[in-house]
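[1] Predicted model, plus sequence, below.
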Amino acid sequence: MQIAEKPLVTAKQICIERSNKSVLHEVSLEIAHGEVVALLGANGSGKSTLLQAIVGLIPIASGEVDLCAGHDGQSGIALVPQFAPATSLIPLTVFELVSSGLTNKRSWFGLTSSQRNQVHQAIAQVGLNDKTNRKYSSLSGGQLRRALIARALVAQADLLLLDEPLTGLDRESVSAVVQILHQLKVAGFSMVVVSHELADLDGLFTRVVELADRKINYDGDPLPRHHHEPHSHHQSEVNPGLGITL
């Protein structure tokens, strides 16, 4: 089997605990090349925790995660958090924030010409050319979210994991980020997007995965209820005929 035919991510029966409390229990999940997956669930259902476990930011109590993205089992996955990382006590420009996502080595003399071009290209891709030399702390919420997407793009990852990219944004910013996500899909990026519902994301997802009661309780095609059902409260039972994964 060629590497490209293997899933980008294979999580097998993973269990995650925090403060000696089970957060996710025996969760199994595969993400294939070209998929754009919505990860849904109520607040506290473990959506962000699952993303962090996939990229190795938090340990798993049992089970395993096999990464094929990047073709070396270590790279090729980029996480887009809700907030900018505290990379330095010195205020960073947008260019510096985005360049912190570079995974290839820098020279003693700073970024190479090729790396600088990578950064400028990623910034242009999210429409922030005019903000390149601005301090990222001066950006609006929507602009910062776009800068964080650019930071992931500069890593040239096979798979983007986006943690609630629309949360807290005004309508104009939501529209801008949604447009970028659709452009990334057209460009062939594989994505997992944490969200509460899909009302603003029509046509983006090829698949929906729902978390509830520490497990995956739905894994399949987007359903009409996903576009308007709030997930801030406890979910109702899902019809077993709709593809529940135990």
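    Okay, I see it.

[2] Now Gly56: phi and psi?
    phi 80, psi 20 (degrees, to the nearest 10).

[3] Next one: Gly73, what pLDDT does it get?
    Listed pLDDT for Gly73 reads 41.

[4] same thing with the one 5 residues further on?
    What the model reports as pLDDT for Ala78 is 91.

[5] Wait, a strand at it?
    Yes: according to DSSP: H, G, I helix; E, B strand; the rest coil, Ala78 belongs to a strand.

[6] Quickly note the distance from it to Leu67.
    Separation of Ala78 from Leu67 (Cβ to Cβ, to the nearest Å): 12 Å. (Each C-beta comes from the backbone N, C-alpha and C, glycine too.)

[7] With Pro224 instead?
    34 Å.

[8] same deal with Gln82?
    Distance from Gln82 to Leu67, by Cβ to Cβ: 23 Å.

[9] residue boundaries of the helices in this protein?
    47-54, 94-99, 113-125, 141-153, 171-186 (DSSP state H).

[10] and of those, who's closest to Asp163?
    Judged by Cβ to Cβ, the one of these that comes nearest to Asp163 is helix 47-54, at 5.3 Å.

[11] Show me what that closest one is packed up against.
    If you count contacts as 3 or more Cβ pairs under 8 Å, 6 or more residues apart in numbering; DSSP states H and E, helix 47-54 packs onto strand 9-18, strand 21-31, strand 36-41, strand 62-67, strand 77-80, strand 159-163, strand 190-194.

[12] So what touches the fifth one?
    In this case it means strand 77-80. Contacts to strand 77-80, defined as Cβ atoms under 8 Å, 6 or more residues apart in numbering, come from residues 8-9, 51-52, 54-55, 57, 67, 69-70, 101, 145, 148-149, 151-153, 155, 157-163, 165.

[13] hmm, back to that, counting neighbours, go ahead and name the busier of Pro224 and Leu67.
    Higher neighbour count among Pro224 and Leu67: Leu67, with 24 against 8, using other Cβ atoms under 10 Å.

[14] okay, that one: pLDDT?
    Looking at Leu67, the pLDDT reads 85.

[15] go on, Val126?
    pLDDT recorded at Val126 is 95.

[16] what's the closest non-adjacent residue to it?
    Arg146 (4.0 Å; Cβ to Cβ, 6 or more residues apart in numbering).

[17] Okay, and the beta partners of the residue nearest the centre of the chain?
    Closest to where the C-alpha atoms of the chain average out (Cα atoms, centre = their mean) is Leu161, at 1.7 Å. Leu161 has these beta-bridge partners by DSSP bridges: Leu79, Val192.

[18] Now do the same contact list for it.
    Neighbour list for Leu161: 51, 54-55, 77-80, 191-192 [criterion: Cβ under 8 Å, 6+ apart].

[19] Let's see that with 6 Å instead.
    51, 79, 192 (Cβ atoms under 6 Å, 6 or more residues apart in numbering).

[20] got a winner among those for most neighbours?
    Tallying neighbours with other Cβ under 10 Å puts Val192 at the head of these, with 27 neighbours.

[21] Kindly tell me how buried Gly203 is, as a neighbour count.
    Neighbours of Gly203 (other Cβ under 10 Å): 9.

[22] From Ala124, how far off is it?
    To Ala124, Gly203 is 24 Å away according to Cβ to Cβ.

[23] and if you look at Leu184?
    14 Å.

[24] got it, and Val194?
    26 Å.
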